[in-house]
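Engineer: missing the sequence, but the structure's below:
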């Protein structure tokens, strides 16, 4: 693909460069008058070209950690840096702008805009980033072709299958050439055969240089990753390299 799948305005990261790091990150919150320690002192690094799967039982802190890494949430303490920039202290407005330009998100439930076509859904984050109409239309069509939906560009989400919606959501996440892709249970709403297609798409993206961090209960998706980090009770308890 021309221009590359990812890599933000500052250019694609060099192979092996640390693009995302967490240092002694804690996240506490209040629930029914009690303090819940969702993330307890996690440290990790993600390098350019990595594909990391975060796994563990429900409630172990996986999704909380993913939200922290993507600047959706702020840590109670510790630091999170993207290519050396501390994102943990960003104000809400700055965090929103940062996510738009530097982080690609893929969710379990797709979250496509129902009134927009597949093409328009992919164009949306580029429009919000101020990309010219002709450029964003060309980029959206390029991404649709990459995920195998070039014949479905005019279809709205209700006219697409679950797998097609997730492919469109992945294309949308790549629209602004993010530094990395974060995915939360991306196969969770899909049957096994459709999920296998999404795993294959992630593998192709990673082979092309896209850096990926995924939270999953799907054993097949975890096994496809280059690194598997096991969490329990807010801690990293084990890491396995493929």
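Structural biologist: Ah, there it is. Keep in mind that what you see is a predicted model, and the values were worked out from it rather than measured.

Engineer: low pLDDT regions in this structure?
Structural biologist: Scanning the chain for pLDDT under 70 picks out 1-13, 15.

Engineer: let me see the contact set for residue 16.
Structural biologist: Residue 16 sits next to 47, 48, 49 when contact means Cβ atoms under 8 Å, 6 or more residues apart in numbering. Placement of C-beta: from N, CA and C, glycine included.

Engineer: go again with 6 Å.
Structural biologist: With contacts defined as Cβ atoms under 6 Å, 6 or more residues apart in numbering, residue 16 is in contact with residue 47.

Engineer: can you classify it by secondary structure?
Structural biologist: Put simply, residue 16 is coil when judged by DSSP: H, G, I helix; E, B strand; the rest coil.

Engineer: so how far is residue 47 from it?
Structural biologist: Distance, residue 16 to residue 47, by Cβ to Cβ, to the nearest Å: 5 Å.

Engineer: next: residue 183.
Structural biologist: For residue 183 relative to residue 47 (Cβ to Cβ), the value is 18 Å.

Engineer: those two - which one has more neighbours?
Structural biologist: Counted by other Cβ atoms under 10 Å, residue 183 and residue 47 do not tie: residue 183 has more neighbours, with 25 against 18.

Engineer: who are the contact partners of the residue nearest the centre of the chain?
Structural biologist: The residue lying closest to the centre of the chain (Cα atoms, centre = their mean) is residue 182, at 1.6 Å. Counting by Cβ under 6 Å, 6+ apart, residue 182 touches 66, 70, 105, 213.

Engineer: turn those residues into TSV, including neighbour count.
Structural biologist: What follows is the contacts of residue 182, written out as TSV (neighbours: other Cβ atoms under 10 Å):
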residue	neighbour count
66	20
70	25
105	19
213	24
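
Engineer: just the strands in the protein please.
Structural biologist: 18-31, 34-47, 51-55, 77-82, 85-86, 103-106, 180-184, 212-215, 227-232, 235-241 (DSSP state E).

Engineer: now those strands in CSV, with distance to residue 118?
Structural biologist: CSV is the format used below for those (distance: least, Cβ to Cβ, whole Å):
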stretch, distance to residue 118
strand 18-31, 29
strand 34-47, 29
strand 51-55, 25
strand 77-82, 29
strand 85-86, 33
strand 103-106, 15
strand 180-184, 19
strand 212-215, 22
strand 227-232, 32
strand 235-241, 36
